[in-house]
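Undergrad: Fold the following, please.
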Amino acid sequence: MAIGANSYGDTGEIASLCLPYADGTTKLFTTTTTPTLVMVESFTDQVSAIINVILSRLKVTIPVTQATVKLMLDAFTNDEVAGIVLGINGSGRFGPTRKDGSSRLQIITEDVQGFLETNVSGIAALGASVASIKLGYMATDKSGSTVTPLFQVEDDGYKPVDWDPS
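TA: Residues are numbered from 1 along each chain as shown. Below is the predicted model:
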């Protein structure tokens, strides 16, 4: 198995974040480490899938290929998966001392959502492909009087569109 084409992160870098659990000689995950290389690849794909679903909801085209944004997503994925590896081995924020009752999946999803929502404008500014969003408004009411939109969004790069031009 290998990390999927739509995934972010690198198992070698994940190993470097949790060296006590990597192979002592190669400093990598192997078939004899806990977790194994195949498991770490699977965790990487799973965290990446959560990232891609949330990116899709934020209208970012996946997989992200813009170099700087991809590097950021790689680093984020590596950190989340390293947390899973530490938790499997009884330490870190996913270890057995966690008492809040949240599942790893719930915590990771909240981490990803917060991280991406905070950074989506920067992701778009760096040139990652983000679908445009068009907001419509009614320029006139039924009597023909001009209607002032309740809010203006031109400052965010969006141009208002009169959805009732008649």
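Undergrad: host element of Thr148?
TA: Thr148 is part of no helix or strand when elements are defined by DSSP states H and E.
Undergrad: Is there a neighbour count for it? I'd like the number.
TA: If you count neighbours by other Cβ atoms under 10 Å, Thr148 ends up with 8. Yep, even glycine has a C-beta here, placed from its N, CA and C like the rest.
Undergrad: I'd like the distance from stretch 93-113 to the chain centre, please.
TA: How far stretch 93-113 lies from its chain's middle: 16 Å, per Cα atoms, centre = their mean, to the nearest Å.
Undergrad: quick one: terminal-to-terminal distance for that stretch?
TA: 18 Å (Cα to Cα, to the nearest Å).
Undergrad: so which strand or helix has the most centrally placed residue in the chain?
TA: In the chain, the C-alpha closest to the average C-alpha coordinate belongs to Ile51, at a distance of 3.1 Å (Cα atoms, centre = their mean). Using DSSP H and E, Ile51 falls within helix 37-57.
Undergrad: buried residues in the next helix or strand after that helix?
TA: Note on helix 37-57: by DSSP H and E, the next helix or strand toward the C-terminus is helix 67-88. Residues of helix 67-88 classed as buried by neighbour count (16 or more other Cβ atoms under 10 Å): 69, 72-74, 76-88.
Undergrad: Same check on stretch 14-23?
TA: Ile14, Ala15, Cys18, Tyr21, Ala22.
Undergrad: and this protein, what are its domains?
TA: Residue ranges for the domains of the chain, per automatic domain parsing: 11-125, 132-166.
Undergrad: could you dump these to CSV with mean pLDDT?
TA: Listed next are the domains of the chain as CSV, based on pLDDT from 0 to 100:
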stretch, mean pLDDT
domain 11-125, 94
domain 132-166, 63
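Undergrad: looking at those, which is closest to Met1?
TA: Closest approach to Met1 among the domains of the chain is made by domain 11-125 (5.1 Å; Cβ to Cβ).
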